[in-house]
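K.L.:
Take a look and give me a structure for this.
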Amino acid sequence: MAGRIPTLSTSNLPAASPAEAAATSSPARGTAMLSSIFKSVRVPEFRFKWQFWAEKGQQSSAAKDKNMSLDELASRPKPLGEQIISIKEFYQHFNNIPVENLKLRDSIHLFHLGVKPLWEDPRNDKGGAYYFRVSKENAPQFWHEMCLLSVGDVLQGAVETKRASFNDDICGLSYSVRWNAVQIAVWNRDAENEEGKEKLIATILDKLSDELKPKKDSYWYKAHKEHKGFIAPSAA
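P.N.:
Numbers count the residues shown, from 1 in each chain. A predicted model of the protein is given here:
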C-alpha cells in the first residue's frame, strides 16, 4: 500500500549479553541518576552537621512531668543513621523516613549534630519553638520544605546574632503526629531574641510554597520553660 511505513524485523536476533546491556543502560532515571551525579561530583558540605532522631509514643507534657525523670526522658529519642553533612546524606536519610507512616504521638526530629531534641538539652533550655498545626495531607511536603530551609541555612540567617556571650541558632525541627493534624516545630536557642523570632516567622511565611503557607491562627511561639512538663536544669 502506498505510503505504508516500513518496519524492522528483529526475529531470531540473539539477546544482548549482560556486558552489552550494562554498557548501553542509562543512569539518567530517578534515584540512579542522583546516585550517578553524587558519585562523580563533589557535593558541597553544609555549614552545620545534622542528625535525624525518632521518638515513639511521645507523651503529653502533663504525663511527662508526673511520671518521668530527666534521665528517662533523655533516653526516649533515638538517633537515626549517621551525621548529615551534605544534601547527599540528607536525602539518603530523608527518603528512608516516611513520615506518612508514623503513628499517633510518634515524632521525627532533625537537629544539629550533638543536640538532643529535648527542651532540657543545654543547647535548648533557654530557647523555644514556633509550632505549626498542619493538615495530615500537607504535612509531608511542609516538613520537606522546612527541612531544606534548615539545612540550607535560610532559617539560621533569620535568627543569627553576633553577641559575644549567647548567640541564637536554629537548633532543629520536629514532626509530631497528633489526633487530627501534624504539629511541626522549629526550635531556636534563644526565646528572648524577639527580633530574630520576627525575622524567622517572616522568612518561613515568605519561603514556603503558596499552598503551604499557614494561616495566622495555625501557628504560635512558645518558650520551652513555659511548658508544664519542662524540667529546669537546677532540678535535674
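
K.L.:
In terms of helices and strands, where is I201?
P.N.:
In the assignment (DSSP states H and E), I201 maps to helix 194-207.

K.L.:
got the buried residues for the helix or strand that comes right after that helix?
P.N.:
Towards the C-terminus, the helix or strand next in line after helix 194-207, according to DSSP H and E, is strand 219-223. For strand 219-223, burial by neighbour count (16 or more other Cβ atoms under 10 Å) applies to 219, 221, 223. Backbone N, C-alpha and C define where each C-beta goes, glycine included.

K.L.:
Then stretch 76-92?
P.N.:
Buried, per 16+ other Cβ under 10 Å, within stretch 76-92: 76-77, 84-90, 92.

K.L.:
tell me which of the residues you listed is nearest to Y175?
P.N.:
Distance to Y175, by Cβ to Cβ, is smallest for P77 among these, at 12.6 Å.

K.L.:
so how many other residues sit close to the residue nearest to A139 when sequence neighbours are not counted?
P.N.:
Spatial nearest neighbour of A139, chain neighbours left out: V182 (3.7 Å); criterion: Cβ to Cβ, 6 or more residues apart in numbering. When counting by other Cβ atoms under 10 Å, one arrives at 23 neighbours for V182.

K.L.:
Pull the contacting residues for V182.
P.N.:
Taking Cβ atoms under 8 Å, 6 or more residues apart in numbering, we find V182 in contact with 99, 133-136, 139, 142-143, 175-176.

K.L.:
Helices - which of these land there?
P.N.:
Among these, DSSP state H puts 139, 142-143 in helices.

K.L.:
Max pairwise distance over the contacts of V182: which two?
P.N.:
Greatest spacing in the contacts of V182, by Cβ to Cβ: V99 and R133 (15.5 Å).

K.L.:
middle-most residue in this structure, spatially?
P.N.:
Computing the C-alpha centroid of the chain and ranking residues by Cα atoms, centre = their mean puts C147 first, at 3.8 Å.

K.L.:
Okay, and it sits in which element?
P.N.:
helix 139-151.

K.L.:
same check, this time on C171
P.N.:
Element membership for C171 (DSSP H and E) is strand 170-177.

K.L.:
tell me the strands in the chain, going along the chain?
P.N.:
Secondary structure of the chain (DSSP state E): strands located at 45-55, 78-86, 107-112, 128-134, 170-177, 182-188, 219-223.

K.L.:
Tabulate the ones you listed (a markdown table), appending distance to G229 and mean pLDDT.
P.N.:
What follows is those, written out as a markdown table (distance: least, Cβ to Cβ, whole Å; pLDDT from 0 to 100):
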| stretch | distance to G229 | mean pLDDT |
| --- | --- | --- |
| strand 45-55 | 14 | 95 |
| strand 78-86 | 20 | 94 |
| strand 107-112 | 14 | 97 |
| strand 128-134 | 14 | 98 |
| strand 170-177 | 14 | 97 |
| strand 182-188 | 15 | 98 |
| strand 219-223 | 12 | 98 |
